[in-house]
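In: Sharing a model prediction with you, sequence too.
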Amino acid sequence: MLKINIICIGKIKESYFTDAINEYAKRLGAFCKFRTIELNEERVRSNTPNASQISEVLIAEGKRILQKISPSDYVAAMCIEGKQLSSEELSKTLDNVAVVGKSTVDFIIGGSYGLSDEVKRRADMRLSMSKMTFPHQLARVILSEQIYRAFEISSGGKYHK
């Protein structure tokens, strides 16, 4: 059974986001082993950080993210410059990952400053949800739903219309 991880920076405080993610996690149990790995957000020493301070944050968060990724994992970095896929294309991507022998897919959501270059280089794919910007908590809900939809498409389920 495929393992799907959402590795993300920061914790969700709002129960309605947590409830939505938990619902999709429950539904995904029929298709994969799904889990969310929350890592602490790096503290910034200033209310108006400069480029150097932001770089330090990205590097520190990136190191913690990379520690959670196994060398054999398929990694999708969620970033604005990534490729936008339809739900059907995401479904095919997950199917292909399993076909080529990968057993774990890691979707990476960075902190408020994004992802480090090192994490992006490690990624097998850079994925963008939209040209629009979403709060990271909402992005996690949307991503969880799209992963569920992808599995439903693959299985011929009625969820995707």
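Out: That came through fine.
In: give me the number of residues near residue 37?
Out: 14 (other Cβ atoms under 10 Å). (C-beta placed from N, C-alpha, C; glycine too.)
In: which stretches of the chain form strands?
Out: In the chain, the strands defined using DSSP state E lie at 3-9, 33-39, 74-84, 104-109, 125-128.
In: got the residue ranges for the helices in the chain?
Out: Using DSSP state H, the helices of the chain run over 15-28, 51-67, 87-99, 117-122, 136-155.
In: Let's have those in a markdown table, adding mean pLDDT.
Out: Listed next are those as a markdown table, based on pLDDT from 0 to 100:
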| stretch | mean pLDDT |
| --- | --- |
| helix 15-28 | 97 |
| helix 51-67 | 96 |
| helix 87-99 | 94 |
| helix 117-122 | 98 |
| helix 136-155 | 96 |
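In: what about the ones you listed, which gets the closest to residue 109?
Out: helix 136-155 (5.9 Å; Cβ to Cβ).
In: which helices and strands does that closest one pack with?
Out: Here helix 136-155 touches strand 3-9, helix 15-28, strand 33-39, helix 87-99, strand 104-109, going by 3 or more Cβ pairs under 8 Å, 6 or more residues apart in numbering; DSSP states H and E.
In: can you tell me how far residue 29 sits from residue 151?
Out: 11 Å (Cβ to Cβ, to the nearest Å).
In: So if I had to pick from the two, which one is more boxed in?
Out: Higher neighbour count among residue 29 and residue 151: residue 151, with 24 against 11, using other Cβ under 10 Å.
In: Pull the contacting residues for the more buried one.
Out: For residue 151, the contact set (Cβ atoms under 8 Å, 6 or more residues apart in numbering) comprises 28, 30, 31, 32, 91, 94, 157.
In: Could you double-check that the fifth one sits in contact with residue 150?
Out: The one in question is residue 91. Yes: Residue 91 is within contact range of residue 150, at 3.9 Å (criterion: Cβ atoms under 8 Å).
In: More neighbours: which of these two?
Out: Shown here are residue 91 and residue 150; by other Cβ under 10 Å, residue 150 has more neighbours (25 against 21).
In: what residue is smack in the middle of this structure?
Out: Against the mean C-alpha coordinate of the chain, by Cα atoms, centre = their mean, the closest residue is residue 107 at 3.0 Å.
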